[in-house]
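J.: turn this into a model:
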Amino acid sequence: MADYIGAVDQGTTSTRFMIFDHDGEEVARHQLEHEQVMPKAGWVEHDPVEIWERARSVIQKAMGKAGLHAEDLAAIGITNQRETTVVWNRSTGRPYYNAIVWQDTRTDKIASKLERDGHGDLIRHRAGLPPATYFAGGKIQWILENVDGVREAAEKGEALFGTTDSWLIWNLTGGTDGGVHVTDVTNASRTMLMDLETCEWDDELLALFDVPRAMLPEIRSSSEPEGYGTTRADGPLGGEVPITGILGDQQAATVGQVCFEPGEAKNTYGTGNFMLLNTGTELIRSEHGLLTTICYRFGDEPPVYALEGSIAVTGSAVQWLRDQLGIISGASQSESLARQVEDNGGVYFVPAFSGLFAPHWRSDARGAIVGLSRYNTNAHLARATLEAICYQSCDVVAAMEQDSGVKLEVLKVDGGVTANELCMQIQADTLGVDVSRPVCAETTCLGAAYAAGLAVGFWSGTDELRKKWNEGKRWSPQWDDQQRAEGHAMWTKAVQRTLDWVDVE
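T.: Presented below is the predicted three-dimensional model:
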């Protein structure tokens with residue numbers, strides 16, 4: 001068998017390709033950012049053609065760095081930004097419109113109308129999701145209703161929908177010349193169109209969004225021994241390699257963190273924060289503002305479910321300090337600036353730029369900085385930004401404990417923000433539990449590689465993967481209970497100030 005596994009991670013701000021060996025160690029990587037297109041307030045788009053070009057480039061560059069060829073890879077896996085919606089023409093391969101990103105809020109009227117018309121409970125029960133701008137179903141409907149010619153093409157099967165995993169696989173396997181149109185259960189579970197129990201597209205849900213079934217990809221497991229398709233010899237790998245793993249990015253990080261047992265949880269700190277709690281084969285319907293979702297499905301095994309708390313803006317709030325306010329020159333500077341003060345100086349920042357996701361689900365909310373006085377400096381705002389990342393996660397943990405009855409004992413963390421050690425210490429302080437970061441922080445790519453490798457026997461099973469997980473650093477709480485309670489009470493007060501800002505019909 002070949003000695004390596006590759007993984008494409010198509011994320012919100014960049015695309016990268018990583019290569020791993022049998023020990024799960026990184027061999028090579030290459031990463032490129034893509035443009036964030038914001039044509040109106042609340043609208044966020046990506047150019048799908050640019051994403052495909054970036055994917056081609058990072059694959060070629062990483063393989064070149066490692067001096068490897070297609071025959072050196074046993075398989076590749078794909079992980080991706082979930083919910084981000086691409087609709088393209090089967091015959092030409094051209095997108096009809098830019099990809100509508102998961103952060104985009106233009107579908108707020110679609111979501112609120114579904115709730116107002118009494119369909120919210122059906123969507124929650126069948127799909128595990130509340131009607132919200134976050135998910136793909138409303139984005140597909142918007143494109144069908146607002147882009148000329150798409151509905152007619154969709155009904156004929158000429159217009160194809162996919163999240164970015166589907167878009168990349170279709171192109172990698174031939175595009176207009178026989179490209180495979182598939183997705184996996186984790187991505188399909190983020191559309192509001194899939195029945196969580198059957199793991200199939202649901203006719204009643206499709207009717208609510210008026211989405212033609214002909215445009216949808218085939219739903220497959222997250223790890224496929226038979227594979228979804230094979231890369232083309234004239235593609236970026238320069239040869240035929242089976243694609244055998246697909247996982248939405250947060251589910252991929254859960255697999256990369258080897259959270260294979262019910263009750264195990266991880267939190268990924270990236271553009272947003274995403275906490276997943278493995279609930280096993282039991283489908284737990286949240287009563288406290290969380291999402292019920294597919295955690296993963298390996299081969300013919302039953303699906304494993306999860307409760308998820310999705311937070312829209314965390315790491316991107318740090319980017320906002322850099323790009324919009326200009327008070328830091330790079331993300332790493334947020335830590336050094338925040339360390340200039342001992343506390344937040346009474347300042348609380350709720351970065352509800354896209355409304356509030358879990359556990360509030362308030363599309364009418366917008367960002368607010370409260371508690372300012374002449375005493376405060378940019379260092380206090382930097383500190384408040386890091387605290388906002390952590391307090392939002394505290395709200396999700398509280399909801400998870402209420403839904404599951406499981407008390408969190410340690411939080412496994414990953415993602416770019418975990419390099420900010422002050423932020424991780426604040427997370428331990430605000431939660432009151434230890435925070436643990438693995439040696440390999442690239443758990444999203446690693447999870448996609450694991451899914452692909454399990455499918456072809458590159459790794460023997462989840463027990464072998466569990467043995468490869470090693471802790472890199474641990475943070476323990478330093479705040480006392482009173483300090484923790486007072487801080488959270490002020491945060492809750494600040495959240496209330498963000499509500500009812502935008503009128504949603």
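
J.: any idea how far residue 327 is from residue 6?
T.: 39 Å (Cβ to Cβ, to the nearest Å). To be clear about C-beta, it is placed using only N, CA and C from the backbone, and glycine gets the same treatment.

J.: who has more neighbours, these two?
T.: Using other Cβ atoms under 10 Å, the more surrounded residue of residue 327 and residue 6 is residue 6, with 31 against 17.

J.: make sure that one is actually in contact with residue 73.
T.: Yes: contact criterion Cβ atoms under 8 Å: residue 6 and residue 73 qualify, at 5.1 Å.

J.: okay, and the common contacts of those two?
T.: Counting by Cβ atoms under 8 Å, 6 or more residues apart in numbering, the residues touching both residue 6 and residue 73 are 19, 237, 241.

J.: so which of those residues is the closest to residue 351?
T.: Minimum distance to residue 351 across the shared contacts of residue 6 and residue 73 is 34.8 Å, recorded for residue 19 (Cβ to Cβ).

J.: wait, a strand at the closest one?
T.: Yes: counting by DSSP: H, G, I helix; E, B strand; the rest coil, residue 19 is located in a strand.

J.: in the sheet, who's paired with it?
T.: As for beta bridges, residue 19 partners with residue 6, residue 28 under DSSP bridges.

J.: what about it, how many neighbours?
T.: Neighbours of residue 19 using other Cβ under 10 Å come to 26.

J.: again, but for residue 375
T.: Residue 375 has 9 neighbouring residues, counting by other Cβ under 10 Å.

J.: now swap in residue 500 and tell me
T.: When counting by other Cβ under 10 Å, one arrives at 12 neighbours for residue 500.

J.: residue 331 too?
T.: Residues within reach of residue 331, counting by other Cβ under 10 Å, total 16.

J.: isn't it right up against residue 323?
T.: No: counting by Cβ under 8 Å, residue 331 stays clear of residue 323, with 10.4 Å between them.

J.: residue 157: neighbour count?
T.: If you count neighbours by other Cβ under 10 Å, residue 157 ends up with 13.

J.: now do residue 470
T.: Counted with other Cβ under 10 Å, residues neighbouring residue 470 total 9.

J.: and residue 174, by the same measure?
T.: With neighbours defined by other Cβ under 10 Å, the count for residue 174 comes to 17.

J.: over to residue 195?
T.: 18.

J.: distance of the residue lying closest to it once chain neighbours are set aside from residue 122?
T.: Setting aside the residues directly before and after it, residue 195 is nearest to residue 202 in space (Cβ to Cβ, 6 or more residues apart in numbering), at 4.3 Å. Separation of residue 202 from residue 122 (Cβ to Cβ): 10 Å.

J.: how about the contacts made by the nearest residue to residue 66 once chain neighbours are set aside?
T.: Residue nearest to residue 66 in three dimensions, not counting chain neighbours: residue 28, with 3.7 Å by Cβ to Cβ, 6+ apart. Residue 28 sits next to 18-19, 62-63, 65-66, 68 when contact means Cβ under 8 Å, 6+ apart.

J.: among the residues you listed, which ones are in helices?
T.: The helices, defined by DSSP state H, take in 62-63, 65-66 from the contacts of residue 28.

J.: buried members of those residues into ChimeraX, please.
T.: Written as a ChimeraX command, the selection of buried residues from the ones in helices among the contacts of residue 28, which uses 16 or more other Cβ atoms under 10 Å, is:
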select :62,63,66
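
J.: and the furthest pair within the ones in helices among the contacts of residue 28?
T.: The largest separation in the ones in helices among the contacts of residue 28, counting by Cβ to Cβ, is between 63 and 65 at 7.4 Å.

J.: any idea how far residue 387 is from the residue of the chain positioned farthest from its centre?
T.: The C-alpha centroid of the chain is most remote from residue 374, which lies 38.3 Å away (Cα atoms, centre = their mean). With the distance defined as Cβ to Cβ, residue 374 ends up 21 Å from residue 387.

J.: before we move on, what about residue 430?
T.: Taking Cβ to Cβ as the measure, residue 430 falls 7 Å from residue 387.

J.: what do those two both touch?
T.: Each of residue 487 lies in contact with both residue 430 and residue 387 under the rule Cβ under 8 Å, 6+ apart.

J.: for the stretch 401-505 of the chain, just list every one of the strands.
T.: 410-414, 434-438, 471-475 (DSSP state E, counting those that start in this stretch).

J.: of the ones you listed, which is nearest residue 308?
T.: Comparing those by their distance to residue 308 (Cβ to Cβ), the top pick is strand 410-414, with 14.4 Å.

J.: thought residue 217 was touching residue 157?
T.: No: with contact defined as Cβ under 8 Å, residue 217 does not reach residue 157; the gap is 12.0 Å.

J.: ok, back up a step: look at residue 202 and residue 122 and report which has more neighbours.
T.: Higher neighbour count among residue 202 and residue 122: residue 202, with 20 against 15, using other Cβ under 10 Å.

J.: residue contacts, that one?
T.: Contacts for residue 202 (Cβ under 8 Å, 6+ apart) come out as 126-127, 193-195.

J.: for residue 218, same thing?
T.: Residue 218 makes contact with 181-183, according to Cβ under 8 Å, 6+ apart.

J.: change it to 10 Å
T.: 166, 180-184, 188, 201, 228 (Cβ atoms under 10 Å, 6 or more residues apart in numbering).

J.: hey, what's it bridged with?
T.: Bridge pairing for residue 218 - DSSP bridges - gives residue 182.

J.: for the residue nearest to residue 195, grab phi and psi.
T.: phi -110, psi 120 (degrees, to the nearest 10).

J.: nearest to residue 501 among the contacts of residue 28?
T.: residue 18 (40.4 Å).

J.: separation between that closest one and residue 61?
T.: The gap separating residue 18 from residue 61 is 12 Å, by Cβ to Cβ.

J.: might you list the low-confidence residue ranges for the stretch 51-200 of the chain?
T.: Residue ranges of the stretch 51-200 of the chain with pLDDT under 70: none are present.

J.: how about the strands in it?
T.: Here the stretch 51-200 of the chain has its strands, by DSSP E, counting those that start in this stretch, at 73-80, 86-89, 99-100, 159-162, 182-184, 194-195, 200-201.

J.: so which elements touch the third one?
T.: Contact here means 3 or more Cβ pairs under 10 Å, 6 or more residues apart in numbering; DSSP states H and E; on that basis strand 99-100 packs against strand 45-46, helix 48-66, strand 86-89, helix 136-146.

J.: including distance to residue 503, could those go into CSV?
T.: Converted to CSV, these look like this (distance: least, Cβ to Cβ, whole Å):
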stretch, distance to residue 503
strand 45-46, 24
helix 48-66, 32
strand 86-89, 29
helix 136-146, 18
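
J.: and those, which is most packed in?
T.: Across the helices and strands packed on strand 99-100, averaging neighbours per residue (mean count of other Cβ atoms under 10 Å) puts strand 86-89 on top, at a mean of 24.

J.: and it, what other elements does it pack with?
T.: Partner elements for strand 86-89 (3+ Cβ pairs under 10 Å, 6+ apart): helix 48-66, strand 99-100, helix 136-146, helix 150-155, strand 159-162, helix 164-172.

J.: same list, these, but as JSON lines with distance to residue 253 please.
T.: Shown next, in JSON lines, are the helices and strands packed on strand 86-89 (distance: least, Cβ to Cβ, whole Å):
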{"stretch": "helix 48-66", "distance to residue 253": "19"}
{"stretch": "strand 99-100", "distance to residue 253": "21"}
{"stretch": "helix 136-146", "distance to residue 253": "20"}
{"stretch": "helix 150-155", "distance to residue 253": "32"}
{"stretch": "strand 159-162", "distance to residue 253": "21"}
{"stretch": "helix 164-172", "distance to residue 253": "15"}
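
J.: looking at the ones you listed, which is closest to residue 356?
T.: Comparing the helices and strands packed on strand 86-89 by Cβ to Cβ, helix 136-146 comes nearest, at 17.3 Å.
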